[in-house]
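Participant: can you look at this prediction? I've put the sequence above it.
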Amino acid sequence: MGQANATQGNNIMLTMGSDFQYENALENFYNLDTLIKNVVLSQSKGEVNPDLLRPYEKINIFYSDPATYTAAKNQEKIDWEVKRDDFFPYSDCDNCYWTGYFTSRASLKRLERVGSAFLHAARQVEAASFPSLPTPSRPLYDLETAVALLQHHDGITGTSKQHVADDYALRVDAGLVKAGEFMSGALERLLEVDEDVLQDGGGLRLCRFLNESICEVSQEATMETGTDLYVVVYNALSTSRNEVMAIPVSRDATFEVFNVETNAKVDIALMPSSGNIGDSSSKYTLHFEANSIPPLGAVTFQIKMISTESSVVKASEANNTNLQSNVVQEWGYYTSYENSKESMIGKTSSRQESGAYIFRPSPRNADITPLEISGIETYSSPILTEIRTNYSNWVKQVERIYRGTSYTEIEYTVGPIPQGTEVVTRYISKISSNATFYTDSNGRDFIQRKLNYRPTWNLTQFQPVSGNYYPVNAAIFLEDFKSSLSVLTDRSQGGTSLKDGVIELMVQRRTNTDDSRGVGEPLDETDEGMTPYPPYGRAERKGKGVIITGAHMVQFRDVGNGASVSRAGMDLFFSHAQLFFMSSPAKLQETALPLLFLRPTFSLLPQQKPLPKNVMMVTYTKPYNDNRPGVFNIRLSHQYGKGEDDVLSQPVTIFFKDIFVTKVISVEEKTLTFNQNYDSREKKRLQWEHGLDVTKKLNKLTLKDDNYSVTLEPLEIRSFEVIVEVSVDFSMNV
């Protein structure tokens, strides 16, 4: 009756199943059959004490499902409370805050984001290049299934065993290889690369280790003069973008970079490589400005080594470690709580240890142990400035500020770190944030967080650090009436603001202990893997702790509107430009440049016209297993919340003729997952009793003068099936 007493109404769901439970289906269903039979039989014979049933007179027990249960609750006409906050951070005892998994397995979290961003781009190119294929035959199928599998609640959270995490990573990497080969070939078709070059073994290649300054194509092409390098930059966003690209090159030489279509020379800077540098990494990185990259489109650049004369930017001494004068940064770590001498006695024990799920610093109210600066260098050029700072032996950091931008990019390399260490970075400002900060909810709404406070119940805080940590999937910000500080993350991380004006993010963790929540081993990732699990081995780690590389986008503005500041960079940071490489002899290019790329620039949108800044093309693909010609699935999203920006938070109207280069024949709105007609589904929607109007009607799809349009309200996501006229080769229309 305990669950009944905590449930409104007379219909009570008793869920079957839990972690590590119900492994024998035959036995468990036999027991349930017996329970159901005897509950019904005992009541019919009057053998049940009525006091045990109160406040109910009779209990009907039967197998059910979520749809049946939901319909039954709807029929009860209960006045439901509307919950607008979430349940973070969760704890199951006084010292047991499940806030460690927000950061656990940082590299795996980043790999998932890389795979998702690549799919965002590759699906667009697939839709423009090829007819619909049966699902298992699609070249993107392996990556799609791997990224989907990684969404498991013990996958993306980093709470699986090490060998399972390794398998997740292996699957995503294999999917990226196959998807990269496909997208390279599709781009060759869209860019109309000279077939003779392709037959000679050339062609575009994806370099998957650019974060380690490794790209075989670019490194081989820049060893000596005589070979020119081509870089195709693909932009999956529905707005154009201007960015500085970083290309690994083999030597300190003099380079020139050209936009192939316009033959215009672009500004460059050659710098020594930084970050996670290994034996295969290039010693130098060539940065160049790639401007006006069209929406859902690509631009091709040519890199020529014109001489072997040195042009590398020389280092100079730095006066400070911060490019933004209003923000100071520091690095440090918490020590994980350990109690290895005593076993944990129940989940209420004060001996709870840090592990894959749980973050518990020692002591409970500890401040971080700061990492001291051990070296600073500055590299300055007209297009970017870098400040490179070493903190102790654990952290290397590069601060970059690019010409014409208002943000600082922080690229960090962390590791190997000792076991029992939880590494954080802090961004410190003078903003009077009044113990309040904001984190994103899966990249959509920003949720207000207050130190030591929960909106819907009275909190007794037992862990002042870990009990104030929240998941940061895309952004965290704080503000006062005149200023704001925003930090965007390139993967999910744990974050907080323990002091006014300070944002803290945990970037890496490694524990000595298991936290007794089901993983069964410490969170201890090493660079040489591990021995097999019993009975084939002892599951021993090999090598040193892993080294991770990541990035933050930091923005301080003299505007007290952190949400608007954060929104402006979230899409850019998630859907980064995809780079593909190709080389060919310089003498061939001098005589046959027009034939190498017949179309060096393209866009899937008409006249390369971008969609409004507050709109994202979340999905541009063809429906799977659908042989109808000219059918596309389009998902559009309004990227700003209500009241976040005076202009960009307003409703925005999208005309479908601005999405396709051929005539739009019909548009049908679908449910979010494209599996039902939206209007038909709405007629079946259950109506609930509640005190607030939360079932807002959507703006209707309109048709005027053969022109379909839809108006998106703030943060709306809408899905449409669009049918367009198709030529013999649709890709020739882009």
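Facilitator: Good, I have the coordinates. Numbering: from 1, shown residues only.
Participant: please count neighbours and contacts with C-alpha atoms only from this point.
Facilitator: Noted.
Participant: can you show me the strands along the stretch 401-550 of the chain?
Facilitator: Using DSSP state E, counting those that start in this stretch, the strands of the stretch 401-550 of the chain run over 408-414, 421-428, 436-440, 446-450, 470-472, 475-479, 484-489, 493-496, 502-510, 548-557.
Participant: between the ones you listed, which one is nearest to Gln397?
Facilitator: strand 408-414 (4.3 Å; C-alpha to C-alpha).
Participant: may I ask which helix or strand of this structure has the lowest mean pLDDT?
Facilitator: Here the helix or strand of the chain ranked lowest by mean pLDDT, DSSP states H and E is helix 586-596, holding a mean of 57.
Participant: and the next element down the chain from that helix?
Facilitator: strand 601-603 (DSSP states H and E).
Participant: just checking, Trp688 touches Lys77?
Facilitator: Yes - judged on C-alpha atoms under 8 Å, Trp688 makes contact with Lys77 at a distance of 7.2 Å.
Participant: which stretches of this protein have low pLDDT?
Facilitator: For the chain, the stretches flagged by pLDDT under 70 are 1, 130-136, 197-201, 276, 318-324, 340-349, 587-595, 691-696, 727-734.
Participant: hmm, back to that, so which of the strands of the stretch 401-550 of the chain is the most surrounded?
Facilitator: Among these, strand 475-479 has the highest mean neighbour count (mean count of other C-alpha atoms under 10 Å), at a mean of 29.
Participant: rewinding a little: show me which of Trp688 and Lys77 is the more surrounded one.
Facilitator: Trp688 (17 against 13; other C-alpha atoms under 10 Å).
Participant: now the more buried one: closest residue in space, sequence neighbours ignored.
Facilitator: Closest residue in space to Trp688, ignoring its immediate chain neighbours: Asn74 at 6.5 Å, by C-alpha to C-alpha, 6 or more residues apart in numbering.
Participant: my read is that neighbour is in a helix, agree?
Facilitator: Yes - per DSSP: H, G, I helix; E, B strand; the rest coil, Asn74 lies within a helix segment.
Participant: quick one, what contacts it?
Facilitator: By C-alpha atoms under 8 Å, 6 or more residues apart in numbering, the contact set of Asn74 is 686-688.
Participant: and Trp394, by the same measure?
Facilitator: 413-417.
Participant: mind running it again at 7 Å?
Facilitator: 414-417 (C-alpha atoms under 7 Å, 6 or more residues apart in numbering).
Participant: columns distance to Asp166 on top of those, output as a markdown table?
Facilitator: Output for the contacts of Trp394, formatted as a markdown table (distance: C-alpha to C-alpha, whole Å):
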| residue | distance to Asp166 |
| --- | --- |
| Val414 | 20 |
| Gly415 | 19 |
| Pro416 | 18 |
| Ile417 | 20 |
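Participant: out of those, who's nearest Ser709?
Facilitator: Distances from Ser709 to the contacts of Trp394, taken by C-alpha to C-alpha, are shortest for Val414, at 48.3 Å.
Participant: check the burial of Tyr624 by counting its neighbours.
Facilitator: 15.
Participant: swap in Ser44?
Facilitator: With other C-alpha under 10 Å as criterion, Ser44 counts 11.
Participant: could you do Glu23 as well?
Facilitator: Applying other C-alpha under 10 Å, I find that Glu23 has 11 neighbouring residues.
Participant: roughly how far apart are it and Leu579?
Facilitator: 47 Å (C-alpha to C-alpha, to the nearest Å).
Participant: one more: Lys663?
Facilitator: On the measure of C-alpha to C-alpha, Lys663 and Leu579 end up 31 Å apart.
Participant: over to Leu371?
Facilitator: On the measure of C-alpha to C-alpha, Leu371 and Leu579 end up 35 Å apart.
Participant: higher neighbour count, those two?
Facilitator: Using other C-alpha under 10 Å as the criterion, Leu371 and Leu579 rank with Leu579 on top: 22 against 18.
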